[in-house]
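Asks: I need the structure of the sequence given here:
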Amino acid sequence: ALNNSFPLNLVSLCHSFWVFSAPIFTTTTTPMSETSPLVVSVLEGIPDQLPEHPYGKDEVTGNMLRDDAVSHAPNRKDILTPVEKKLALKNALRYFPKKWHVTLVKEFLDELSAYGRIYMYRFRPTLAMKARPIHEYPGECLQAKAIMVMIQNNLNPDVAQHPHELITYGGNGSVFQNWAQYRLTMKYLATMTAMQTLVMYSGHPLGLFPSHKDAPRVVVTNGMVIPNYSSQDDWERFNALGVSQYGQMTAGSYMYIGPQGIVHGTTITVLNAGRKISKHGEGLSGKVFLTAGLGGMSGAQPKAGTIAGCISIIAEVNERALQKRLDQGWVDEGFDSIPALDKRVREAREKKHVVSLAYLGNIVDLWEHFAETDIPIELGSDQTSLHNPWAGGYYPAGMTLEESNEMMASNPDLFQEKVTESLRRHGAAINKCVAKFGTYFFDYGNAFLLEASRAGAEITNDDGTFKYPSYVQDIMGPMCFDFGFGPFRWCCTSCDEEDLKKTDAIASSVLKKLKVDAPPEIQQQMDDNIQWIDAAQENNLVVGSQCRILYADAEGRMEIAKAFNDAIASGELSAPVVLGRDHHDVGGTDSPFRETSNIYDGSCFTADMAIQNVIGDSFRGATWVSIHNGGGVGWGEVINGGFGMCLDGTEDSERRLKAMLFWDVTNGLTRRSWARNDGAVFAIKRAMAKEPRLNVTIPTYADDDIINNCFDNE
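Replies: As a prediction, the model looks like this:
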C-alpha cells in the first residue's frame, strides 16, 4: 500500500539495440547443453503438442485468465467490424495446425473481445524471460545468437513495460504482436547460417532468405504503411488485424536497454537547461524540475535529475510503475498526498537536497497546485506517452487509472474528450508557472505541444509556432546532434558485469585521449561525456543485461568500437559486444517535432535521411537494420531507423565498424549542414579534413537583405 512517502531503494538498469552481419567469433566459449531449458525452449518454435493455458479459465465467464501480477497493456478499443474480426481470427490461426483451430478460435476471439488484440497468451514460454550469456544459446551463427540475447533482454519483465503483451515501452512499443511470432523468430535465429537473412515484417518473421556473409543477418520493418493510411485509427485497425505494429524506436529493433537508454540524454538536457537559466554560473542545487512519467523510458527522469543535481518531481498515475522505479532505486521517495509532497519540496529547497520525488497522481493536479503556491518551478517538461493519447499514453485528470482504462475501451469518444480537456488545463497551468516564476518549459519529444495544441491549449504564438521549444531545438540539436554527438550504445553478450566495467574503462580512456586534440567547439561535450562514463558504475544504471549508453561523435564511436574489438581479440573481454544506438540520433530519425525540429530549411517533414541511413548501414556492415513508422511522437509523425553490430574480435569486424559507424553519423551531419546549421557545417568540414574520400556539398549562405529587397521592391 502507498503511504505518504517511500524509503530509498537502490538498483540498476540497462539498454541497447542492433542489426547483425557475419564474422565468426573465434574465442573459446563454454559448450551449451543440447537439453538445457533455454535450448529446448528456443528450438521448440510452434510446439508439436498444444500447450496447456498457463492460467486456466475463469469459472464464471469461461474465458481464459492472465497473470495479474504483471503490468498489462490497457484494453484497446473495439475498432474492427464483424467481418474484420473474422479476418483477424483467420490471420491468427494461420500460425497453427488445423487440428488446434477449434480450440484456439474461441480463445483468440475472447482475447480480441476483452483486450482488443490477440496476444496468444497460451503460447507464452514458461522459461523465465531474460538475457543469458551468448554461449548458452543454440545455433550456428554467432550474430544470430547475439540478436536472441537482445530480444530476451527487451522482454525481461524488469525491463519491459507490459511484458506479457510483448510491449517494451511507450505504452505500445512492441517487439512482436503475439507469442507465435516470438517463438518462430527465435527458432529461425537458432537455425540460420551466416549465408542467410531473416526478414521481419512488423513482428512477423517472413522467413530465412539466401544472402551472403556481408549482408545483415536480420532486416526489420515496423509499421511501414501507405502514407494515407497512417492515422491513429489506422494503427489500431491494422494492429488488431495482426498485420502491422508500432515498434516505437528500440522496442521493435531489439535495442532497448531500459531507462538507461534515455537517462544520459535526459541528464545532458537537464544540465544544459540549467545552464540556460543560470544567472551567475550557479548549478541546479535547490532548483525544481517538474515533469511526468515513470513507466518506460520516462523512468529515466528522476535518475537524470539526481545526476544533474536538482530536485525532481515526477507524477505517475500507475502505482505499479511508480513502485517498480522505487524498487529499482531510480526514484528516491514516493507520495500520494500533495500536501505531504509540498512540505518535502520546501524542505529540499531550503536544505538544497538533491532528491527525486514521485507523486502517485495526475501531473495536471501538480502543475495547478504549484501555480498557486510560492514554490518556484525552475524547469518543466513532460514524458507521458502522448504519441498514443487515446490508448493509455495520457490519462485525464479527475479519473483513476482503472476508470480511464475502462472508458478508453468502452467509450473511446468520451475518453478522448476527457483527455483533450485535461491537456487544455495542463497547458494553462504551465503558462501560469511560466508567467509567475519564469519557468523554462521544454517539450521532451513526446508530442506534448503537438497534442496540446490540437486539444486547443493556449500554447501557440500568433504565427502558429509553439510558445515553448522542443529540447532538440534549444539543447540537443545545436549542442549535440549538429556536432555529431548522439546516443551510442553497447551490450556485453557475456552478461558479465566485469566485462561492462572493462568497457567503461576502455571508453573513458579513448575519450580522454581524443579530448586532448578536440577543438574548442566540442570540449564541453567531451567533458560531459567523460564525467558520465566515469560515474556510470557509481550511478547504478543497469537494468536487465549488461549494457551502456554514451554520447559520442563518429570519431569517438569508431575509436571506442575498435578498442572493444581489440579487447575481444586479446581475451580481455570474454565474449562479443553488440553495438547500437538509439534511433533518436544525429541521422537516424526524421521527426519534425523532435529530432529534426532544429532543421529550418523546410525539409523537417521529409524522411530521406532516415531511409538513407538504414540503406547505407545495411551494405556497410550492420548485423541488423530496422526502419519504423512512428516512435517517440507517434504513428504517422516520424520515420526512424537503427542498426545493430556484433563485434567478434576479427579484422572483418574492424573493417565493418569503420565503414558503417562513419556513415551512420556523417549522413546526418551532412543533412544538418545542408540545412545551414552552423555547428554541423563546422563538424562536416572537420570530417572531410580527416577523411579524404568524403566530399559533400556545403551550403552557400544567402544574404537576407538581398531576398527581402526583392519583395520590398514589389
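Asks: how far out from the middle of the chain is stretch 100-119?
Replies: Distance of stretch 100-119 from its chain centroid, counting by CA atoms, centre = their mean, to the nearest Å, is 30 Å.
Asks: Put the alpha carbons of that stretch into PDB.
Replies: C-alpha atoms of stretch 100-119 as PDB (Å, rounded to 0.1, in the frame of the first residue of the first chain):
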ATOM      1  CA  TRP A 100      -6.000 -26.900 -33.000                       C
ATOM      2  CA  HIS A 101      -8.200 -24.400 -34.700                       C
ATOM      3  CA  VAL A 102     -11.500 -25.400 -32.900                       C
ATOM      4  CA  THR A 103      -9.800 -24.900 -29.500                       C
ATOM      5  CA  LEU A 104      -8.000 -21.800 -30.400                       C
ATOM      6  CA  VAL A 105     -10.600 -19.800 -32.300                       C
ATOM      7  CA  LYS A 106     -12.900 -19.100 -29.300                       C
ATOM      8  CA  GLU A 107      -9.900 -18.400 -27.100                       C
ATOM      9  CA  PHE A 108      -8.500 -15.900 -29.600                       C
ATOM     10  CA  LEU A 109     -11.900 -14.300 -30.000                       C
ATOM     11  CA  ASP A 110     -12.100 -13.900 -26.300                       C
ATOM     12  CA  GLU A 111      -8.800 -12.200 -26.300                       C
ATOM     13  CA  LEU A 112      -9.800  -9.900 -29.100                       C
ATOM     14  CA  SER A 113     -13.100  -9.100 -27.400                       C
ATOM     15  CA  ALA A 114     -11.600  -8.500 -24.000                       C
ATOM     16  CA  TYR A 115      -8.300  -6.800 -24.900                       C
ATOM     17  CA  GLY A 116      -8.700  -5.600 -28.400                       C
ATOM     18  CA  ARG A 117      -5.800  -7.700 -29.600                       C
ATOM     19  CA  ILE A 118      -4.800 -11.400 -30.000                       C
ATOM     20  CA  TYR A 119      -1.700 -11.900 -27.900                       C
END
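Asks: The stretch 601-714 of the chain: helices as residue ranges?
Replies: Secondary structure of the stretch 601-714 of the chain (DSSP state H, counting those that start in this stretch): helices at 608-618, 651-674, 678-690, 704-713.
Asks: now those in a markdown table, with mean neighbour count, distance to residue 429 and mean pLDDT?
Replies: (Each C-beta comes from the backbone N, C-alpha and C, glycine too.) Formatted as a markdown table, the helices of the stretch 601-714 of the chain follow (neighbours: other CB atoms under 10 Å; distance: least, CB to CB, whole Å; pLDDT from 0 to 100):
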| stretch | mean neighbour count | distance to residue 429 | mean pLDDT |
| --- | --- | --- | --- |
| helix 608-618 | 21 | 35 | 97 |
| helix 651-674 | 23 | 35 | 97 |
| helix 678-690 | 18 | 35 | 97 |
| helix 704-713 | 8 | 38 | 89 |
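Asks: quick one: secondary structure of residue 584?
Replies: Put simply, residue 584 is coil when judged by DSSP: H, G, I helix; E, B strand; the rest coil.
Asks: Make a markdown table out of the helices of the stretch 601-714 of the chain and add distance to residue 465.
Replies: Output for the helices of the stretch 601-714 of the chain, formatted as a markdown table (distance: least, CB to CB, whole Å):
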| stretch | distance to residue 465 |
| --- | --- |
| helix 608-618 | 23 |
| helix 651-674 | 20 |
| helix 678-690 | 21 |
| helix 704-713 | 19 |
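Asks: nearest to residue 170, of these?
Replies: Between residue 170 and those, the tightest spacing by CB to CB is seen for helix 608-618, at 18.1 Å.
Asks: thinking again about what came up before, the helices of the stretch 601-714 of the chain: which one's closest to residue 290?
Replies: The nearest among the helices of the stretch 601-714 of the chain, by CB to CB, is helix 678-690 at 29.7 Å.
Asks: Output that closest one as PDB - backbone C-alpha positions only.
Replies: Taking C-alpha atoms only, helix 678-690 is exported to PDB below (Å, rounded to 0.1, in the frame of the first residue of the first chain):
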ATOM      1  CA  ASP A 678      26.400  26.300 -38.200                       C
ATOM      2  CA  GLY A 679      27.600  23.500 -35.800                       C
ATOM      3  CA  ALA A 680      27.000  20.900 -38.500                       C
ATOM      4  CA  VAL A 681      28.800  22.900 -41.100                       C
ATOM      5  CA  PHE A 682      31.800  23.100 -38.800                       C
ATOM      6  CA  ALA A 683      31.600  19.400 -38.000                       C
ATOM      7  CA  ILE A 684      31.300  18.100 -41.600                       C
ATOM      8  CA  LYS A 685      34.200  20.300 -42.700                       C
ATOM      9  CA  ARG A 686      36.300  18.800 -39.900                       C
ATOM     10  CA  ALA A 687      35.200  15.300 -41.000                       C
ATOM     11  CA  MET A 688      36.200  16.000 -44.600                       C
ATOM     12  CA  ALA A 689      39.700  17.200 -43.400                       C
ATOM     13  CA  LYS A 690      40.200  13.800 -41.700                       C
END
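Asks: Show me the contact partners of it.
Replies: Outside of helix 678-690, the residues within contact range by CB atoms under 8 Å, 6 or more residues apart in numbering are 478-479, 481-484, 519, 521, 553-555, 666, 669-670, 672-673, 694-696, 698-699.
Asks: which helices and strands does the biggest helix by length in the chain pack with?
Replies: As assigned by DSSP state H, the longest helix anywhere in the chain is helix 412-437. Counting contacts by 3 or more CB pairs under 8 Å, 6 or more residues apart in numbering; DSSP states H and E, helix 412-437 packs against helix 363-371, helix 401-410, strand 440-441, helix 448-454.
Asks: before we move on, back to that, please identify which of the helices of the stretch 601-714 of the chain is closest to residue 474.
Replies: Nearest to residue 474, of the helices of the stretch 601-714 of the chain and by CB to CB, is helix 678-690 at 13.4 Å.
Asks: mind listing the helices for the stretch 201-350 of the chain?
Replies: 232-241, 260-277, 301-308, 319-328, 338-351.
Asks: got those as CSV, with mean neighbour count and distance to residue 85 columns?
Replies: As requested, the helices of the stretch 201-350 of the chain are exported to CSV (neighbours: other CB atoms under 10 Å; distance: least, CB to CB, whole Å):
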stretch, mean neighbour count, distance to residue 85
helix 232-241, 20, 8
helix 260-277, 24, 37
helix 301-308, 27, 40
helix 319-328, 20, 30
helix 338-351, 15, 44
